[in-house]
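Peer 1: coords below, sequence missing:
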Ligand SMILES: [Zn+2]
Ligand SMILES: [Zn+2]
């Protein structure tokens, strides 16, 4: 309740930075300080999953993508999931600060445009299981996809791909356990497969951790007939999850 009333107040009061609450000129932006505190992901990085490399590397893909290639083709992630990047993701997901979505989507559009992969037919947000959606009441990936769609001029496809299995939290799992955890979590019904057949899809999520969730979605969409599936996520976890 406190969160909801806070969100309503935000719309009435003078605009503030969704991360640090500093006064800003316009709703839907970050203050200059928070903007510059985000850590952009630049080269060198994995060409498949966008994992930043600590040093110049001869390999084009990271060890994880080399060992178990993901089912998506390329991932685009503008910032590192650390400090301000993490604050922003949590503010959107748990703080209900919807005003952050347009600013985040503008940043997500950058690497997508730069890669110039030939255009997408649709944006597909990573779905929440319906029980999770009932308790959270919104899907943060859908909010980002709506803003990113306006930014790129690409329609959203919000139904068809469903999260049919409620999976336990991925928080403490390593990559292999995450892959097993979400392997059969997503589905497309036979009657909805036509939505995705022959389409070039940009899947949208808030955070890319190991890529297991995005890969499971891409596998399901390709099984339904999608030609290609790339991923746009606002933030990327930099270090492989241990344990
Ligand atoms: Zn700020
Ligand atoms: Zn990789």
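Peer 2: Sure, I can see it. As the structure is a prediction and not an experimental result, all values here were calculated from the model. Ligands and ions are numbered 1, 2, ... in the order given.

Peer 1: Residue 57: what's it in contact with?
Peer 2: residue 44 (CB atoms under 8 Å, 6 or more residues apart in numbering). The way it works is simple: take the backbone N, C-alpha and C, and place the C-beta from them, glycine included.

Peer 1: Which secondary structure state does it sit in?
Peer 2: coil (DSSP: H, G, I helix; E, B strand; the rest coil).

Peer 1: Likewise for residue 230?
Peer 2: Applying three-state DSSP: residue 230 is strand.

Peer 1: Ends of stretch 151-167, what's the gap?
Peer 2: From its first residue to its last, stretch 151-167 covers 32 Å (CA to CA, to the nearest Å).

Peer 1: Okay, buried residues for stretch 27-37 please.
Peer 2: Across stretch 27-37, burial judged by 16 or more other CB atoms under 10 Å covers 28, 29, 30, 31, 34.

Peer 1: Can you lay out those as TSV showing distance to residue 52?
Peer 2: TSV is the format used below for the buried residues of stretch 27-37 (distance: CB to CB, whole Å):
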residue	distance to residue 52
28	27
29	25
30	21
31	25
34	20
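
Peer 1: Tell me which of those fall in helices.
Peer 2: Those of the buried residues of stretch 27-37 mapping onto helices are residue 34, per DSSP state H.

Peer 1: What score does the spatially most central residue of the chain have for pLDDT?
Peer 2: The chain has residue 205 as the residue nearest its centroid, 2.0 Å off, counting by CA atoms, centre = their mean. Looking at residue 205, its pLDDT reads 97.

Peer 1: helix or strand for it, which one?
Peer 2: Counting by DSSP states H and E, the element that carries residue 205 is strand 200-208.

Peer 1: That strand and ligand 2 in contact?
Peer 2: No - if you take CB under 5 Å from the ion as the test, strand 200-208 misses ligand 2, and the best it gets is 10.0 Å.

Peer 1: In its sheet, which strands sit next to that strand, and in what direction?
Peer 2: strand 122-125 (parallel), strand 228-236 (parallel) (DSSP bridges).

Peer 1: how about those strands, which one is nearest residue 102?
Peer 2: With CB to CB as the criterion, residue 102 lies closest to strand 228-236 of the strands paired with strand 200-208, at 11.9 Å.

Peer 1: tell me which residues of that closest one are tucked away?
Peer 2: 228, 229, 230, 231, 232, 233, 234, 235, 236.

Peer 1: Up against ligand 2, what does this protein have?
Peer 2: Counting by CB under 5 Å from the ion, the chain sits next to ligand 2 at 46, 48, 49, 51, 62, 65.

Peer 1: got TSV for those, with distance to ligand 1, pLDDT and neighbour count too?
Peer 2: Below are those laid out as TSV (distance: CB to the ion, whole Å; pLDDT from 0 to 100; neighbours: other CB atoms under 10 Å):
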residue	distance to ligand 1	pLDDT	neighbour count
46	30	93	23
48	32	94	20
49	29	95	23
51	27	94	25
62	32	92	20
65	34	94	19
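
Peer 1: among the residues you listed, which are in helices?
Peer 2: Going by DSSP H, the helices hold residue 65 from those.
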